[in-house]
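1. Sequence below, structure please.
(2 chains)
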Number of protein chains: 2
Amino acid sequence: MTSQEQTAATITAPSDREIRIEREFDAPRDRVFAVFTDPDLIAEWWGPRGTTTEVVAMDVRTGGDWRFVAHNSDGTQTGFRGTYREISPPERIVQTFEWDGMPGYVAVETAVFEDLGDRTKVTTTTIFHTTEERDGMLGSGMEGGMNETYERLDELLAKLAAG
Amino acid sequence: MTSQEQTAATITAPSDREIRIEREFDAPRDRVFAVFTDPDLIAEWWGPRGTTTEVVAMDVRTGGDWRFVAHNSDGTQTGFRGTYREISPPERIVQTFEWDGMPGYVAVETAVFEDLGDRTKVTTTTIFHTTEERDGMLGSGMEGGMNETYERLDELLAKLAAG
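-> This is a model prediction of the structure:
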């Protein structure tokens, strides 16, 4: 397996209102889950390259709210928020996701962390209220941003493993 | 038409993820729309009889948040919140709806106000992410609470007309 194959994410549409992203990471499950839920580490990986993400709120428990503000290299910023519906370490996180640019359009993301020994597979399934909303997300350039985010996460996991 | 017929709401299921409620009110459309969007009047009609609803937030504009806490006659309380997606006076309000008891389960409510001259028809269509969530709402006793809420709204509209 080449390095590129190791880090390729697959994007599929399990239904007309869903997007599924599957990606493996070169770290054990406990470590990957911890990085997803640690407010102190979000700034190091959340968002595309050049983005610095500020954690305004991240109350990691059922019913807790999260809010991030992404500061882009061009000086602009944009906010995201949601609520944790389920936190089941180290297996599953269910949360809502809403972008400030489209207030009131709320998707639900379910992230499942699969133990592959030294590696971890993360499968994130996002459901929207309508197909139109789902297609809006697919057309937003999310794929490039997601791949950069996951590459940054690879780098953080490598740093933590070396640390 | 008897008084009872005038105030009966109809509940239908336009799809397997939706609930639709239709109800006429004996007041002109501008007045009905104003009552739905006036924070100072919410306590007089929002919720079943015996409930006093406190408006914690009600920022009536696109992207604005609302949060109500309903104080019940037995001393218990429960919260509701959401975000306004669209405010188009006097015709249409689109907002999200989330109950504190099921955080992260977010429905979208579209209320359409139809001008019938001296009367107004309000049609509210609520869409859920899944059929299971929709059925949970239908099984929650919402119908009784909704009818009491609308009767209180009738009384408030009569009082405002007399005022």
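2. Which residues of chain A lie near chain B?
-> A:62-64, A:82-86, A:94-96, A:98, A:100, A:103-106, A:108, A:127, A:129-130 (CB under 8 Å from any CB of the partner chain). All C-beta spots, glycine's among them, are computed from the backbone N, C-alpha and C.
3. Only whichever of those residues are buried, select them in PyMOL.
-> To isolate the buried members of the residues of chain A next to chain B in PyMOL, using 16 or more other CB atoms under 10 Å in any protein chain shown:
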select buried, chain A and resi 64+82+83+84+85+94+95+96+98+103+104+105+106+108+127+129
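4. Just the element for A:T110, please.
-> For A:T110, the enclosing helix or strand under DSSP states H and E is strand A:107-116.
5. mind checking how far the residue nearest to A:R152 when sequence neighbours are not counted is from A:T37?
-> Distances taken as CB to CB, 6 or more residues apart in numbering or on different chains put A:W45 closest to A:R152, at 4.3 Å, once the chain neighbours are dropped. From A:W45 over to A:T37 the distance is 12 Å, taken as CB to CB, to the nearest Å.
6. cool, and A:E132?
-> For A:E132, the distance to A:T37 (CB to CB) stands at 32 Å.
7. ok now the longest helix seen in chain A, how far from the chain's centre?
-> Ranked by number of residues, the top helix in chain A under DSSP state H is helix A:142-162. Computed by CA atoms, centre = their mean, to the nearest Å, the chain-centroid distance of helix A:142-162 equals 10 Å.
8. If you count neighbours, what's buried in that helix?
-> Counting neighbours by 16+ other CB under 10 Å, one finds that the buried residues in helix A:142-162 are A:142, A:146-150, A:152-154, A:156-157.
9. Which one of the residues you listed is nearest to chain B?
-> Using CB to the nearest CB, A:M142 is the member of the buried residues of helix A:142-162 that lies nearest chain B, at 19.2 Å.
10. where in chain A is pLDDT low?
-> Along chain A, segments meeting pLDDT under 70 span A:1-7.
11. Which parts of it are strands?
-> Under the criterion DSSP state E, chain A contains strands at A:10-12, A:18-25, A:52-58, A:65-71, A:77-88, A:92-99, A:107-116, A:119-127.
12. Tell me which residues touch the closest residue to A:E54 other than its chain neighbours, please.
-> Nearest non-adjacent residue to A:E54, counting by CB to CB, 6+ apart: A:V69, 4.7 Å away. Listed by CB atoms under 8 Å, 6 or more residues apart in numbering or on different chains, the contact set of A:V69 reads A:53-54, A:56, A:77-80.
13. now A:A57
-> So A:A57 contacts A:65-67, A:81 (CB under 8 Å, 6+ apart).
14. cool, and A:H71?
-> A:H71 neighbours (CB under 8 Å, 6+ apart): A:51-54, A:77.
15. again, only using 10 Å
-> A:43, A:47, A:50-54, A:77-78 (CB atoms under 10 Å, 6 or more residues apart in numbering or on different chains).
16. and which of those residues is nearest to chain B?
-> Chain B lies nearest to A:T78 out of the contacts of A:H71, by CB to the nearest CB, at 12.8 Å.
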